[in-house]
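1. could you look at this predicted model? Sequence included:
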Amino acid sequence: MAPPSSRRSSQSRRAQYGIFTGYVIAGIGALVGAVLLGLSLWKPGIASSPRAAANDIIAPAGETTARARTESQGLIESIRGYLRAGSQNAELKREMELARIRLQEAEALQHENRRLKALLDLQESERKPVAVARLIGSTASSTRRFAYLGAGRTDGVAAGMPVRSPRGVVGRVLEVGQTSSRILLLGDSQSVLPVRLADGNAVAFAEGRGDGLLRIRLINLGINPLEVGDVVVTSGAGGYYAPGIAVAVISEVTMDGGLGRIIADPAATDYVAVEPVFQPEAVAGAGTPIEESVVE
Amino acid sequence: MDRIDHRSRRDAYGRRINRDHSSALAYSVPWISILLASLIPVFAIASAVPFVPPFGLMMLIAWRLVRPGLLPIWAGFPLGMVDDLFSGQPFGSAIFLWSVVMLAIEVIEARFPWRNFVQDWFIAANILTVYLVLAALLSGGMIGLASLAALGPQLLLSLLLMPIISRMVARLDRFRLLRIRIIG
């Protein structure tokens, strides 16, 4: 369709001024946007309070869709289970035979067992979570990886608290509203997490790459102790996360570390627990400038 | 024997006798539909990579191309501001980019006033490609080759969904002009 020729309005001065004003406002809008963008890149927390308020408004809708999503996933899975009962049976039998063969490889299995046991052991924490809530939304169209949680200040959630699912670390609370909060997921490119090997003492940083994988960067360079299939867990350094929560499985070994697949994939997560900051003193200490002492 | 004046019969926009378009409906539908489209990505599953198209921007482009002159040229500013509250981008990113998109379409329209479906799709595809890459670069994260490559599926999905969104906007446009106001 051809546009109405709004640019050449008429002889009317008023209409011409109106169009001109529109262009001026649009130009100013773009400029203001660029300035705001620069400001919020410089100080990311600048718009946190309107954002938190806006997310509080849509939190109930998010809660509903999250519930519908998990329920529909469950329904689809059970229907699929019925449909595939026969082929599944055959497949299971085949797998059973394979498993019998594998049983002979006792040593490797035992080693695996030990590692998994260590992982499970470490996961059993006695720390009481601050809140348990659903992930009600995410920034699914932006490159940044944030998720929204259906618990906020009224539930005792505060910025900096670690968030975990039954499988492992999900992320860290970034901004808190009254009834919802924003979480920085592990996969975000601004997320850095101190980790160590579950069955060794190699220490590393796990950085998000923005494509669903974590880059595991070893602190001590030398012989790379990582192998595909190794599990890395939180090391407790930094004071935010309790040590020993599962983070990622190494899927590729590189020169300075490896690439890890996140264990607690937020897409497969329903309920998550917000835990208190592991050692608030350590976090406060890290935030204090070197000139001031932490203890009076 | 034509007993009834054909201009008094009902048409696609509803009854004519005693009814008229509602200006509140006619002007609010584009804005509300774009605002709601901005919210859709929030409710999608929390995935490891971005894959949901930027529905708010696609709705804005579709309204602008399907119905030129309906949205004022500065519409990118307020609509982008709301999108920024939910999108996870740093505040100001959509305000800036959406305003620029509106100005860019204005320039393109001055150059090519008569366009067909494919040309409109091509314009939208170019805008979406540039927008997704720029939004990634301005997102405040460390953008490497891996995260740019992760944009591929999202971009492809956006381009394929664009004609469908345009269709939806055309349907919304008919809804917008329903005669629901009772006169007299």
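-> Sure, I can see it. Numbering: from 1, shown residues only, chains lettered A, B, ... in the order given.
2. what about the helix or strand harbouring residue A:80, near chain B?
-> Take DSSP states H and E as the rule and residue A:80 turns out to sit in helix A:48-83. Yes: shown here: helix A:48-83 in contact with chain B (C-beta under 8 Å from any C-beta of the partner chain) through A:50-51, A:54-55, A:58, A:61-62, A:65-66, A:69. For every residue, glycine as well, the C-beta is placed using N, CA and C.
3. list the buried residues of the lowest-mean-pLDDT helix or strand in chain B.
-> Ranked by mean pLDDT, DSSP states H and E, the weakest helix or strand in chain B is helix B:145-149, scoring a mean of 80. Within helix B:145-149, the residues scored as buried using 16 or more other C-beta atoms under 10 Å in any protein chain shown are B:146-148.
4. re earlier: elements contacting whichever helix or strand comes after the helix holding residue A:80?
-> Where DSSP H and E defines the elements, the next helix or strand beyond helix A:48-83 is helix A:85-104. When contacts are defined as 3 or more C-beta pairs under 8 Å, 6 or more residues apart in numbering or on different chains; DSSP states H and E, helix A:85-104 packs onto no helix or strand at all.
5. report the mean confidence score over helix A:85-104.
-> Average pLDDT, helix A:85-104: 77.
6. likewise for stretch A:38-48?
-> Stretch A:38-48 comes out with an average pLDDT of 82.
7. may I have that stretch exported as PDB, CA atoms only?
-> The C-alpha coordinates for stretch A:38-48 follow below in PDB (Å, rounded to 0.1, in the frame of the first residue of the first chain):
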ATOM      1  CA  GLY A  38      25.200   5.100  27.700                       C
ATOM      2  CA  LEU A  39      24.200   5.800  31.300                       C
ATOM      3  CA  SER A  40      22.900   2.300  32.000                       C
ATOM      4  CA  LEU A  41      25.900   0.700  30.400                       C
ATOM      5  CA  TRP A  42      28.100   2.800  32.700                       C
ATOM      6  CA  LYS A  43      25.900   2.200  35.800                       C
ATOM      7  CA  PRO A  44      23.800  -0.900  35.200                       C
ATOM      8  CA  GLY A  45      21.600  -0.400  38.300                       C
ATOM      9  CA  ILE A  46      20.300   3.000  37.200                       C
ATOM     10  CA  ALA A  47      16.800   1.800  36.100                       C
ATOM     11  CA  SER A  48      16.400  -1.000  38.600                       C
END
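8. ok now do the residue nearest the centre of chain B, which residues does it touch?
-> Centroid-nearest residue in chain B, with C-alpha atoms, centre = their mean: residue B:59, separated by 1.7 Å. By C-beta atoms under 8 Å, 6 or more residues apart in numbering or on different chains, the contact set of residue B:59 is B:33-34, B:37-38, B:165, B:169.
9. quick one, longest helix in chain B?
-> Secondary structure assigned by DSSP state H gives helix B:151-176 as the longest helix of chain B.
10. buried sites along that one?
-> The neighbour-count check on helix B:151-176 (16+ other C-beta under 10 Å) flags B:151, B:154-155, B:158-159, B:162, B:165-166, B:168-169, B:172-173, B:176 as buried.
11. closest one of the buried residues of helix B:145-149 to chain A?
-> Taking C-beta to the nearest C-beta as the measure, chain A lies nearest residue B:147 of the buried residues of helix B:145-149, at 3.1 Å.
12. can I assume that closest one is in contact with residue B:135?
-> No: assessed by C-beta atoms under 8 Å, residue B:147 is found out of contact with residue B:135, at 11.9 Å.
13. give me the common contacts of the two.
-> With contacts defined as C-beta under 8 Å, 6+ apart, the residues shared by residue B:147 and residue B:135 are residue A:143.
14. returning to that earlier point: show me which of the buried residues of helix B:145-149 neighbour chain A.
-> B:146-147.
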